[in-house]
Structure formats: structure tokens, C-alpha cells
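Chemist: Could you work out the structure for the sequence below:
(one chain, ligands or ions: 1)
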Amino acid sequence: MLDLKDIPTSRLPSLVETIVWALNPLQYYERCREKFGPVFRIKIFGWADLVMVSDPEVVKDIYAQPRSSLLAGETNKILEPMVGPDSVFVLDGEQHSHARRSLQPPLKSQQLLRQGAMINESISGFLNNLDNGRDLSELFREITLSVMVKVLFGEKSLNTPRAYQKILFPLLGPITGLLAFVPPLRMDFGRFSPFGWYRGRVKAFSNLIYGEINAQKTIEELSASQSRSMLQHLLRLQKEDNIVSDEWVKNQIISLFVAGNDTSAAGMAWATYWIYSRPDIIQKLRYSLPRVDQFDDEVLNTIMQDKYLDNVYQEALRVLPVIDFYSRIRTDFCLKTEPKQVFISPCSFLFQRDEKIFNDPKAFVPERFEDNKFDTGNYSPYGGGVRRCIGIHLAEMLIKLTIFQLVQRFTFEIKGFDSVKPRRRNVILAPSKLIVKSLKFAEKMEPLATL
Ligand code: HEM
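Modeler: I've put the predicted structure just below:
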């Protein structure tokens, strides 16, 4: 296992290094790798030292470690004021394993495929209003939230997606990022102080979810056959084993909103950004994907298994991963010997651009996935080991169905394409803005060229 002593680091004082990193993390990673090699330390002021790892063998070794020797919950503690102390994010050990097991069944591929028509219809409804000047980054956040509300609460949720959006989107904004990374700001001086505002929002969001829990409980039957929404599933578990409280259920649901919404929306946005810079890729997708008036299970399966679409989806998450690093704490080292926390952080942005594995790594080349399955040490946009993302299938369905709808229905350009940059939104990297221009509808386009 990685020796944590003598890891090279920049001579910059930690405050300066934090600012340089925050302003342009990707460029800073590249500079550090060039100077120090595949393992280096970045000192984040007031939080922790991050040992950034992009050596594929070490990354694989990290994923292979048992949950007792590497803690991840501890590194996510900055999210605790929002997700609560018993969220799947912040727990470790057996409690984490229980929370994870409890959340997985409704997010399995087979379960979600049953909701494919609903997801497709939601995406389609939003895209009906697509117009010039629309910021796709924001539109995709709205689409994802609307789908998440249905997956989490069922199609007849008590509150509208708009009600959740009004509270959640500001909560996922820059004030929260600031509060997460600058602990002294976490003092509540009433609703006009940042932390007071933040706590008020978290409370309002929690109340919406408690409303759903209470409404669901008044519906008599929570039988197995009905348990399609996440909430129904969790309440059935609650009834069966009597271990978890309403607060626990509420905290897991907030965690899923926080983990799943902006990540999936950013994945959709990056995929769109790359595809709409390349008319040849749009052509190939149109040629490969079914052209249908009626959407049914067969069409859904064909889309989800389409090889070229899958290559495009995987390449979009490779060339610019939505989450550029994720962290663990090594129990035998850091907690005992270091005055400051030291996180071990696989840096997917760097290991997914490894020149030894990926030819021309900065280029968007879906074909590289045609006959290749890359090792987890070089390709893992959803993380790995016992903390690997549990929302993969939902994210994949959202991204693939959005691409399907877009390429079949529209051509457009991205305004100021060359000036679109990755922007940090809490822990994710999303495109700054993705404004639609020169929109045309499919029926007005030239017939497809035969490829
Ligand atoms: C493109 C979209 C997404 C990306 C790129 C993504 C990526 C990730 C990554 C990198 C991690 C950390 C893995 C690690 O530490 O090894 C993670 C964890 C997690 N993700 Fe996702 N995610 C996405 C969508 C979703 C969705 C839609 C949901 C929920 C419905 C979700 C729920 C979670 C949860 C609950 C965890 C914590 C798992 C644990 O600690 O055991 N994610 N995700």
C-alpha cells in the first residue's frame, strides 16, 4: 500500500495553493503531475491535505481495500449539515454497509428499466420547449430533478418538482461550497447570516420530504409489488425491521438528491457539449439509434444497448469526469500520526487521461471504447470499491435517453463553444453555460447520409 511519507508537494503556502487549485483545478493537477509524478500532495487550507493518486496500480489497490482500512464517510463530513449524521455519505463500517444495501434495490437496472417510458416522457416534455438562448446546463438540472422526484417518491408525489427545485438549487450553489470548505463560517447568526440561511433551507427541504413520508404512510398497502419508488421501498423496510427512523429515511433521500441531481445533469451537459461539436458523431448516432414514433420496452432496450451510444456516453465521462477526485482516510496512518487530516484521493481526471493508455487523451474519441474495456485503475468515473456510486444505472439512463432525444429531434450550435469551461459546483465540474443557438428541428433537416 502507498507509503504516505515523503510525498512531493508544492512549496506554496496552503492558503495560496488552495486558491490556485480552486481557480483552475484541472490545470493545477496537470502541472503537479508533470512536476511530481503520479502521486503528489495538495494542501487545502482549513480542511485537509489531499494525496492525489493517478498511478493505476495504486488506484486499483485503493479500490480493493476492505472498508475497515479506508474510511470515506469521514472525508464526506463536510456534507453533514445538509445530509445528516446517518446519511450513506458520512457513515463508515457496518452502518454504511446497511444504508447502502437498503438504498440499492430501487436503483438496480431492472427496476429502472420499468420506469424507462416515464423517464423518456419527462425528458421529451422538457425538450418540447427547447429554444434558442436556452442554457442546457440549467435545463438538464431541471429534467434530472423532475425524474428524481418521480423515482424517489413515485409518479404522484405530494409536492411538485418545482417545489423541490426552488429550495435545492440555491442549496447546491456557491454559499454551500463556501460553508463546506471554510468551517469558521458555520456559525448561525440568524437567517441573514450564511449558515442561518443554509440551515433554514435544509429545514424547509426536510419538511417537504417529511410531508411525502407522512402522505405515503397514510396509503394502506406497502406491499412488495407496489414498492417501485425509493420512498415506498424504504418505508417497507422500516415496517419490516423497525430499525430505521423517519429521520433516517429523510436523510437518505436528501443524500440521493444531493448525489444524483447535479452529477447526472453535468454528465448530460458534457455529453451534449462534445456531441454537438462534431456533426459526424451526430450523424453516426442517428444512424445507429432507432427512429421511432412509439416508445416501448423494446425501443428502450435497443437504445440502452446501442454500442455506439455507449461509446459516446463512456467517452464523455472519461475525457472530463464530472467528479474529478474522491477521497479516503487510511485508518492506520492518518488518524494516528498526522496533526492534520490526510486524504488519499484517486484523481479520475488524471488517470483517465493517462497517455500510456489513451492515445491523444484530451481528444473526444468514442471509437476508443469500441473494442476496449479499460481497467478500473484507468477508467472509473463512478469511483470504485465499496463506495462505488449506487446511482450508475439511473445516471446512465438519463444521459443516454437525453442524447437519444436530442440527436433525433434537433440540430443546434453551442454559443461561444470555445469559451465553455469546467466550473466547480460544490464537488462537481459542470460546463459554465451551454447556450443553444441556430436551433433546427429534425423534420426540416436534410435526409441522413448513409454511412
Ligand atoms: C453522471 C452521474 C454521476 C456520477 C459521475 C457519479 C459519481 C459518483 C462518484 C465518483 C462517487 C464516489 C465514489 C467513490 O468514493 O469511490 C459517487 C458516490 C455516490 N453516488 Fe454517484 N454519481 C452520479 C450519479 C448518481 C445518482 C443519479 C445517484 C442517486 C440516485 C448517485 C448516488 C450516489 C451515492 C449515494 C454515493 C455514495 C455511495 C457510498 O458512499 O457508498 N449518484 N458517485
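Chemist: ok, residue 114 - how many residues close by?
Modeler: For residue 114, the count of nearby residues is 11 (other CB atoms under 10 Å). For glycine as for every other residue, the C-beta is placed from the backbone atoms N, C-alpha and C.
Chemist: Output the below-cut-off pLDDT ranges for the stretch 1-150 of the chain.
Modeler: For the stretch 1-150 of the chain, applying pLDDT under 70 flags the ranges 1-2.
Chemist: Go again with 90.
Modeler: Applying pLDDT under 90 to the stretch 1-150 of the chain picks out residues 1-6, 22-23, 44-48, 65-71, 74-79, 81.
Chemist: three-state assignment of residue 343?
Modeler: Here residue 343 is recorded as strand under DSSP: H, G, I helix; E, B strand; the rest coil.
Chemist: For it, name its beta-bridge partners.
Modeler: residue 50 (DSSP bridges).
Chemist: just checking, it touches residue 50?
Modeler: Yes: the pair residue 343 and residue 50 qualifies as a contact (CB atoms under 8 Å) at a distance of 5.2 Å.
Chemist: ok, the two, which is more surrounded?
Modeler: Higher neighbour count among residue 343 and residue 50: residue 343, with 24 against 21, using other CB under 10 Å.
Chemist: which residues touch that one?
Modeler: Taking CB atoms under 8 Å, 6 or more residues apart in numbering as the definition of contact, the neighbours of residue 343 are 48-51, 75, 327-329, 334.
Chemist: May I see these arranged in CSV, with distance to residue 389 as well?
Modeler: Listed next are these as CSV, based on distance: CB to CB, whole Å:
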residue, distance to residue 389
48, 22
49, 25
50, 20
51, 22
75, 15
327, 14
328, 15
329, 19
334, 24
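Chemist: neighbour-wise, which of these leads?
Modeler: residue 328 (26 neighbours).
Chemist: residues in contact with it?
Modeler: 62, 65, 70-72, 75, 343-345, 387.
Chemist: give me that answer again for 6 Å
Modeler: 70, 72, 344 (CB atoms under 6 Å, 6 or more residues apart in numbering).
Chemist: nearest to residue 412, of those residues?
Modeler: Lowest distance from residue 412 to the contacts of residue 328 (CB to CB) belongs to residue 72, with 39.7 Å.
Chemist: is it true that the closest one touches residue 387?
Modeler: Yes: using CB atoms under 6 Å, residue 72 is in contact with residue 387, at 4.6 Å.
Chemist: higher neighbour count, the two?
Modeler: Using other CB under 10 Å as the criterion, residue 72 and residue 387 rank with residue 387 on top: 24 against 21.
Chemist: And the more buried one, how far from residue 75?
Modeler: Per CB to CB, to the nearest Å, residue 387 is found 10 Å from residue 75.
Chemist: tell me, what residue is most central in the protein?
Modeler: Nearest residue to the geometric centre of the chain (CA atoms, centre = their mean): residue 263, 2.6 Å.
Chemist: Where does the residue nearest to it when sequence neighbours are not counted sit: helix, strand or coil?
Modeler: Closest residue to residue 263 apart from its sequence neighbours, by CB to CB, 6 or more residues apart in numbering: residue 322 at 5.2 Å. Secondary structure for residue 322, judged by three-state DSSP, is coil.
Chemist: can you check residue 214 too?
Modeler: Relying on three-state DSSP, one would call residue 214 helix.
Chemist: Tell me how far it lies from residue 247.
Modeler: 13 Å.
Chemist: Specify which residue of the two has the higher count of neighbours.
Modeler: Legend: neighbour count by other CB under 10 Å for residue 214 and residue 247, higher for residue 247 (14 against 11).
Chemist: Would you quantify the distance from that one to the ligand?
Modeler: Distance of residue 247 to the ligand, given as CB to the nearest ligand atom, to the nearest Å: 17 Å.
Chemist: so what's that residue closest to, chain neighbours aside?
Modeler: Nearest to residue 247 is residue 84, by CB to CB, 6+ apart, at 7.0 Å.
Chemist: Report how many residues lie close to the one you found.
Modeler: Using other CB under 10 Å, residue 84 has 19 neighbouring residues.
Chemist: my guess is it contacts residue 250, does it?
Modeler: No: between residue 84 and residue 250 there is no contact under CB under 6 Å: 7.6 Å.
Chemist: Which residue ranges of the stretch 201-350 of the chain form helices?
Modeler: In the stretch 201-350 of the chain, the helices defined using DSSP state H, counting those that start in this stretch lie at 230-241, 246-275, 279-288, 297-305, 307-319, 334-337, 348-351.
Chemist: Which pLDDT value belongs to residue 318?
Modeler: Predicted confidence (pLDDT) for residue 318: 98.
Chemist: swap in residue 186?
Modeler: In this model, residue 186 is scored at 70, pLDDT.
Chemist: Make 712 the first number, not 1, from now on.
Modeler: Understood, numbering begins at 712; the last thing we discussed is residue 897.
Chemist: Chain neighbours aside, what residue packs nearest to it?
Modeler: Excluding the flanking residues, the one nearest residue 897 by CB to CB, 6+ apart is residue 906, at 5.0 Å.
Chemist: where's residue 746, which helix or strand?
Modeler: Following DSSP states H and E, one finds residue 746 within helix 736-747.
Chemist: The host helix or strand of residue 726 - contacts with which helices or strands?
Modeler: Assessed by DSSP H and E, residue 726 sits inside helix 725-734. When contacts are defined as 3 or more CB pairs under 6 Å, 6 or more residues apart in numbering; DSSP states H and E, helix 725-734 sits against strand 750-755.
Chemist: what's the spacing between the strand it packs on and its chain's center?
Modeler: Centre-to-centre, strand 750-755 and its host chain are 23 Å apart (CA atoms, centre = their mean, to the nearest Å).
Chemist: who's in contact with it?
Modeler: Residues outside strand 750-755 that contact it (CB under 6 Å, 6+ apart): 718-720, 725, 728-729, 732, 743, 760-764.
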